[in-house]
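Student: Structure, please.
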Amino acid sequence: MARLLRPPPWWPQAALLLLGMLPLIQLLQRAMEGSLGADPPREIVLFTGLWALRLLAATLAISPLRRLPKLGGAGLLRCRRSLGLLCLFYASLHMLAYLALLLGWDLMSLADELVEHPWLLLGGLAWLLMVPLGLTSTRAMQRRLGRRWKQLHRLVYIAALSASIHFLWLSKDIAEPLLYAALFSLLLGSRLLPSRARGARG
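Tutor: Numbers count the residues shown, from 1 in each chain. Down below sits the predicted model:
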């Protein structure tokens with residue numbers, strides 16, 4: 001009877017993915033109500049980009065959280081996978097919103113935009129780096145790649161750095177971007193410290 005009442009191991013991931021859809025539902029509701037402000041296209045691009053950053057920070061926070069008593073385990077790793085996929089989802093929405101709503105799918109003018117606004121290159125780089133991380137996030141790919149899986153997923157460091165500089169560079173008010181940059185620096189530093197410590201002991 002206890003086994004029947006025990007929730008399946010995948011339910012935290014499913015619940016997390018459902019919760020991750022709430023910002024999108026909120027955005028759609030605001031769009032239907034006409035409450036996206038004076039420039040709805042830019043608000044959509046900014047909204048999806050901010051949620052991609054927040055989810056990237058949450059993904060990076062899993063590793064230091066696992067070191068805390070009673071928090072480590074496979075459950076947090078599964079949550080990290082879900083958070084990473086949500087981050088890629090919102091980053092993809094961010095890119096599609098920019099191309100569709102701000103650029104009007106005029107790909108011929110994209111080169112001019114990249115020259116005029118070089119922070120777009122950093123945003124595109126962050127997204128391109130996250131795509132293979134999402135595609136190889138399953139256990140099957142982890143087993144198939146072996147040690148190369150960890151090496152590949154270290155690209156998240158470059159993606160986080162690129163995304164934070166992208167946000168800092170394009171913003172007129174740098175207070176919020178600096179906060180994200182500091183948070184990413186702290187989270188990435190906490191992930192690098194253990195490997196340095198092991199190297200020092202070796």
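
Student: So which residues of this protein form helices?
Tutor: 2-5, 11-20, 22-33, 40-66, 74-97, 110-116, 119-135, 139-145, 147-153, 155-170, 175-201 (DSSP state H).

Student: Tell me which of those helices sits nearest to residue 104.
Tutor: helix 40-66 (9.7 Å; Cβ to Cβ). Quick note: C-beta positions are derived from backbone N, CA and C, even for glycine.

Student: Pull out the buried residues from the closest one.
Tutor: Within helix 40-66, the residues that qualify as buried are 43-64, counting by 16 or more other Cβ atoms under 10 Å.

Student: Same question for stretch 122-142.
Tutor: Under 16+ other Cβ under 10 Å, the buried positions of stretch 122-142 are 122-127, 129-130, 133-134, 136-137, 142.

Student: Same question for stretch 80-99.
Tutor: So for stretch 80-99, counting by 16+ other Cβ under 10 Å, buried means 80-95, 97-98.

Student: Give me the phi and psi for residue 39.
Tutor: phi -130, psi 80 (degrees, to the nearest 10).

Student: how much space between it and residue 184?
Tutor: Distance from residue 39 to residue 184, counting by Cβ to Cβ, to the nearest Å: 27 Å.

Student: And residue 87, by the same measure?
Tutor: 13 Å.

Student: More neighbours: which of residue 39 and residue 184?
Tutor: Each of residue 39 and residue 184 has its neighbours counted (other Cβ atoms under 10 Å); residue 184 has more, 22 against 12.

Student: Which pLDDT value belongs to that one?
Tutor: Listed pLDDT for residue 184 reads 85.

Student: List the residues that contact it.
Tutor: Contact analysis of residue 184 by Cβ atoms under 8 Å, 6 or more residues apart in numbering lists 56-57, 60, 160-161, 163-164.

Student: repeat that for 7 Å
Tutor: The neighbours of residue 184, taking Cβ atoms under 7 Å, 6 or more residues apart in numbering as the test, are 57, 160, 164.

Student: wait, the first one sits on residue 181?
Tutor: No. The pair residue 57 and residue 181 fails to qualify as a contact (Cβ atoms under 7 Å) at a distance of 10.8 Å.

Student: and stretch 143-152, how far apart are its ends?
Tutor: 13 Å (Cα to Cα, to the nearest Å).
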